[in-house]
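K.L.:
this one's structure only:
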């Protein structure tokens, strides 16, 4: 194998495929990037659960393939000058890397032992802009559960139906739902591991360019530009999340998003994420007292609201509110409360692109 | 005690005095900031070895003093809106903090139990611009030793004599010397703990304003703006560093600083800071081959130099070279070699504001 490629192009490809490579694997080959020079140059990272394939045009002087330790390869390419890089594989899988005056020789690994991901298939598919998908993931990812005993909750539900895509995450204490319109009329419902969704979020760019999401068997793929990301999907039935969303409310308030975040962050300084100490909302007609009490002291703060119902006192883990409010771009939001012990939901005032549900924490009387 | 102060002014003071406070101390009072409202507002952080006092003008409505946990106090002030903050200490050392709609009540500590640093004295002193002192520290701090068994090497020597200040650090493998002119004709020679020098480096600003360095007993003080930093000095005799600087050289080369840094960083990728694998310089008439060999592979790179002497082959821990080269702003430097097993020194071509000495590593023949 022998190729010549611009340093920047190669580095971009490495940075992306590296996200699918385990830092510590049982076999050295699994810590490597698979590189194949044929019609195009193809780089692959694969950790069995998640694979990324990146194709790019370049000068192929000699076809072939090799596996190179991802960390070392990335470090070397990153430090090279901005110039064309020549990569040549000689006998015994020795990889020679040359760029201007710099010369490296490192040990590669036999590509025949590399576990290639299954070939891409496309049984059902739809398109969506990179930006839209990025937003949907960002608006829900924080609510994915981390309890491995409740495996299905460690994933994000992707539900496609009636020209709409919905992403849903829930961890037993809160839920995030986000949706967008798509052009195609396809339908499926799969749960994708949250850690893979997180990597996809980091790879996607804020771009109006379309990407294709496709499903085949238990593999979901995201194809855009030169890149193809494939993830296994989780087995099992996702919770019937719509049944959790209350429809009757005791009162509905509107509040400025930033004011509420700031108040909650200040109240959290006293409670320090200790679940024994919730932040308390005392909701009145035109204002709400946000307060916290803990061993170290107390905090309280009045913020303006509009309340269409009766007064209410309710406690929350402030982190759950802050996580949701931080991904909302609307200046004002609506919070609907069922009771002082029932779930509340956060929604926009003039659209229904997202919904956050949060369970309260019982507060002691004092 | 009752004061009113702008959030930003208070926060700046806290950020600075916090650098002298232990995060985990045996007594809670040592994790606190001492605050005293008298003619001015005074904040003090003290860890016995190092103290910072910060004075600022503000509205003193009631004189008094208190100690407040530094981390909690800083976190609260940081999160407040940009507005005047009222701080009032009531009975039982309860501290009430108010800012617009925000209200906090936290437990303070009795100020009488706080270990105040000794009163400031000024037996010998001189002035230097903040920028100059910052540069001198930055150019030497990385060479301070970390071996607690050789305590004196964990400090920086500050030598003042004949209208000149020199700062020297050495760790047994390399040495950094940096100097600057001062106006006053005073003389002293003290060793300041490296960790305190590091904090001072972080507090100093790039500013032409003068600061006063003064010595009294075993305490050195740095006084500027509203701030007074005092550090204990280390007991013991600092090495007679000038005796280590060779005066006879086998050859002297000039090389582009950035080219050499880039080469060394690339070579380090192969050696990975493993001391068994030095980076080798093969110095010829007009070029130098920078190479490294380790289990993972090899690297080599030719860079242009001017050499006034004979060819030489010598090995180094690349980290020592990179640390020194990174704080040098000259485009080209001079490296003078004594022999393939003796120290080399790095100096500027047209001034003598700094000198770095580096010991070589023996290289195996291959």
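P.N.:
Cool, the structure landed. Owing to the predicted nature of the structure, the values given are computational and were not obtained by experimental measurement.
K.L.:
So which bits of stretch A:303-316 are buried?
P.N.:
By neighbour count with 16 or more other CB atoms under 10 Å in any protein chain shown, stretch A:303-316 contains the buried residues A:303, A:305, A:307, A:312, A:314, A:315, A:316. C-betas here are computed from N, CA, C, even on glycine.
K.L.:
do the same with stretch A:331-344
P.N.:
A:332, A:333, A:334, A:335, A:336, A:337, A:338, A:340, A:343, A:344.
K.L.:
okay, now the nearest residue to residue A:126 once chain neighbours are set aside: neighbour count?
P.N.:
Nearest residue to residue A:126, sequence neighbours excluded (CB to CB, 6 or more residues apart in numbering or on different chains): residue A:184, at 4.0 Å. Applying other CB atoms under 10 Å in any protein chain shown, we find 14 other residues in the vicinity of residue A:184.
K.L.:
nearest to chain B, of the buried residues of stretch A:331-344?
P.N.:
Here the nearest of the buried residues of stretch A:331-344 to chain B, counting by CB to the nearest CB, is residue A:332; it sits at 17.7 Å.
K.L.:
How about the secondary structure of the most centrally placed residue in chain A?
P.N.:
Computing the C-alpha centroid of chain A and ranking residues by CA atoms, centre = their mean puts residue A:198 first, at 2.8 Å. Secondary structure for residue A:198, judged by DSSP: H, G, I helix; E, B strand; the rest coil, is helix.
K.L.:
repeat for residue A:345
P.N.:
Strictly by three-state DSSP, residue A:345 counts as strand.
K.L.:
mind listing what it touches?
P.N.:
By CB atoms under 8 Å, 6 or more residues apart in numbering or on different chains, the contact set of residue A:345 is A:245, A:246, A:335, A:336, A:355, A:356, A:357, A:358.
K.L.:
cool, residue A:39 as well?
P.N.:
Per CB under 8 Å, 6+ apart, neighbours of residue A:39: residue A:60.
K.L.:
For it, give its distance to chain B.
P.N.:
Residue A:39 sits 29 Å away from chain B, going by CB to the nearest CB, to the nearest Å.
K.L.:
if I pick the residue of the stretch 1-150 of chain A found nearest chain B, what's in contact with it?
P.N.:
Residue nearest to chain B within the stretch 1-150 of chain A: residue A:106 (3.5 Å; CB to the nearest CB). Listed by CB under 8 Å, 6+ apart, the contact set of residue A:106 reads A:68, A:69, A:72, A:73, A:76, A:94, A:95, A:97, B:270, B:296, B:297.
K.L.:
how about the nearest residue to it, chain neighbours excluded?
P.N.:
residue B:297 (3.5 Å).
K.L.:
related to what we said a few turns ago, what is the residue of the stretch 1-150 of chain A closest to chain B paired to in the beta sheet?
P.N.:
residue A:95, residue B:297 (DSSP bridges).
K.L.:
And residue A:292, by the same measure?
P.N.:
With DSSP bridges as the rule, residue A:292 is bridged to residue A:299.
K.L.:
So it sits against residue A:315, correct?
P.N.:
No - counting by CB atoms under 8 Å, residue A:315 is not a contact partner of residue A:292; they are 9.3 Å apart.
K.L.:
max-length helix in chain A?
P.N.:
In chain A, assigned by DSSP state H, the helix with the most residues is helix A:257-271.
K.L.:
now the angle from the helix or strand just after that one to helix A:257-271?
P.N.:
Toward the C-terminus, helix A:257-271 is succeeded by strand A:279-283 as the next helix or strand (DSSP states H and E). Here the directions of strand A:279-283 and helix A:257-271 differ by 130 degrees (axes from the mean of the first three to the mean of the last three CA atoms, to 10 degrees).
K.L.:
Output the contacting helices and strands for strand A:279-283.
P.N.:
helix A:257-271, strand A:287-294, strand A:312-316 (3 or more CB pairs under 8 Å, 6 or more residues apart in numbering or on different chains; DSSP states H and E).
K.L.:
now it: how far from the chain's centre is it?
P.N.:
Distance, stretch centre to chain centre, for strand A:279-283: 31 Å (CA atoms, centre = their mean, to the nearest Å).
K.L.:
Just checking: what are the partner strands of it?
P.N.:
strand A:287-294 (antiparallel), strand A:312-316 (antiparallel).
K.L.:
who wins for proximity to residue A:40 among those?
P.N.:
Of all these, it is strand A:312-316 that lies closest to residue A:40, at 52.4 Å by CB to CB.
K.L.:
Now tell me what touches the closest one from outside.
P.N.:
With CB under 8 Å, 6+ apart, strand A:312-316 has contacts from A:250-251, A:278-283, A:337, A:339-341, A:344, A:358, A:360-363.
K.L.:
Alongside chain B, which residues does the stretch 51-200 of chain A contribute?
P.N.:
Residues of the stretch 51-200 of chain A lying close to chain B (CB under 8 Å from any CB of the partner chain) are A:69, A:72, A:75-76, A:79-81, A:101-107.
K.L.:
Same list (these) but as JSON lines, adding pLDDT.
P.N.:
Output for those, formatted as JSON lines (pLDDT from 0 to 100):
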{"residue": "A:69", "pLDDT": "96"}
{"residue": "A:72", "pLDDT": "95"}
{"residue": "A:75", "pLDDT": "96"}
{"residue": "A:76", "pLDDT": "97"}
{"residue": "A:79", "pLDDT": "97"}
{"residue": "A:80", "pLDDT": "97"}
{"residue": "A:81", "pLDDT": "96"}
{"residue": "A:101", "pLDDT": "95"}
{"residue": "A:102", "pLDDT": "97"}
{"residue": "A:103", "pLDDT": "98"}
{"residue": "A:104", "pLDDT": "98"}
{"residue": "A:105", "pLDDT": "97"}
{"residue": "A:106", "pLDDT": "96"}
{"residue": "A:107", "pLDDT": "96"}
